Structure formats: structure tokens, C-alpha cells
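Trainee: A structural model of the following input is requested.
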Amino acid sequence: MIIKAKNIRKRFGMLEVLKGIDLEVSKGEILSVVGASGAGKTTLLQILGTLSTPDEGTLEIAGTTVFGEKGRSLKGDALASFRGKSIGFVFQAHHLLPEFTALENVMIPALIAGRRTSEARSAAMRLLELTGLSARTSHKPSELSGGEQQRVAIARALVNDPAVLFADEPTGNLDSSTKQEIHKLIFSLRDTLGQTFVIVTHDPELASLCDRSLEMKDGLFL
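Mentor: Down below sits the predicted model:
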């Protein structure tokens, strides 16, 4: 299993948002998490992605105990390093840096992780080819369509060969035809790279295409 989460709980003040989530995700699986707004989907994604810490529970990703019992959790620089090398993120907003080209945007996480410039460039070029953007590598975000920007964001999330890619409403800002292109791309990348995806979505079409779809309500899976 790439992800093993047990009894994940999270509270904000008096509000218990996650009430004891158990989850396992296999390598190469594409899992969608659906549910109404306020069900706890994004909070769960943030914890699985190590951006937030659970109040209780354990999380193991690719054999590494990220959040464990009795002080066995990664913290500080160790947690940041693990996140940078093992986890990719794609959000509804692309969060591309406007002053950099598509190629440079994809290279940045690899450079931050300490990879050589030539290695980062090679990895970025390969991913831009896989995402259908080999002719757009020198374009800045303002010169790209919304769908192209999201493809760059997906390539950037994959440049360090993460164990899992977490996506929060990855097609939320796209028109119907562009959504379908991104759907196809996600499954193509799984087939080509063996990539694992966990996707929070309100898009019933995307959810129906996934290997498995779990519905959340009031902080629990139904």
C-alpha cells in the first residue's frame, strides 16, 4: 500500500471535522473522494498530503511513518524534505509563477530538491512531452490556456517522481471539453508512470472514471 491512514481525527475548536478516518490506497490506484462542502474532504487531503497535522491517528506513505504514535512523527526539515520528494500537489488554481516559462515552472521543485540543473531540465522536458506541451515549453503562463496551465501544474507536481499525487478539484475551473482532456491525461499518466492519484472532486464524471470513489459525510466515509 502507498497510503495507510488509521483513525485520523481533526478538530477546529469545538468542531470535529474528521472523526476517525481509515484509508488504504494501492500503488497505481486513482481514488476520488467526493461529498458535499464541509464534509471534511479538503481537511483530509491536507493531512494525507502532510500540510496539516492530525490530532489523532497515524499515517504511513510509501513505507515511511509520517504521523505516528509516541513521537514517531516526522517534523520540521525532515517533514518538508519528505513532502518535497514524495508528494505532488495539484489545485484548482494553477499557482504557476508568472515570470517563469512552462519549463522553468516544472523544473523549480526539482531544483529545490537539490537535483542538478541538467537533470531537472531533462525530467521537466519529459513530463511536458507526456502532458502534450512539448511545443509550449518556452511560453509563460499568461501565454497558455487554462487547460495548458493545468497541464503544466500536473507536470510540475510529478517532476520529483512522487509516491502519490494529491489533487483538489483539478478540473474545477475548466470548461467541459478541457475537463475531459485532463481526465484522459490523468489516466494516461497512471498508465505510463504507474502514478497514484488521490483526487478530491465535485465532478461526478471524473469520480465515475476513477478506480474507486469514496463519499464523505460529516467527517466519515459512508
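Trainee: hey, where'd the strands end up in this structure?
Mentor: For the chain, strands defined by DSSP state E occupy the ranges 3-12, 15-25, 30-34, 56-61, 64-67, 87-91, 164-168, 197-200, 212-217, 220-221.
Trainee: Out of those, which gets nearest to Gly146?
Mentor: Nearest of the strands of the chain to Gly146, taken as Cβ to Cβ: strand 87-91 at 13.2 Å. The C-beta positions use only the backbone N, C-alpha and C, and glycine is treated the same way.
Trainee: which residues are contacting that closest one?
Mentor: For strand 87-91, the external contacting residues (Cβ atoms under 8 Å, 6 or more residues apart in numbering) are 49-50, 61, 150, 153-154, 156-158, 160, 162-170.
Trainee: Do you know the pLDDT at the spatially most central residue of the chain?
Mentor: By Cα atoms, centre = their mean, the chain has its centre lying nearest to Phe166, at 1.8 Å. Note for Phe166: predicted pLDDT of 95.
Trainee: ok now do the nearest residue to it once chain neighbours are set aside, which residues does it touch?
Mentor: Spatial nearest neighbour of Phe166, excluding adjacent residues (Cβ to Cβ, 6 or more residues apart in numbering): Gly49 at 4.6 Å. Shown in contact with Gly49 (Cβ under 8 Å, 6+ apart): 83, 87, 89, 166.
Trainee: for Val200, same thing?
Mentor: When contacts are taken as Cβ under 8 Å, 6+ apart, Val200 is in contact with 32-34, 41-42, 44-45, 166-169.
Trainee: cutoff 7 Å now
Mentor: Applying Cβ atoms under 7 Å, 6 or more residues apart in numbering to Val200 gives the contacts 33, 41-42, 45, 168-169.
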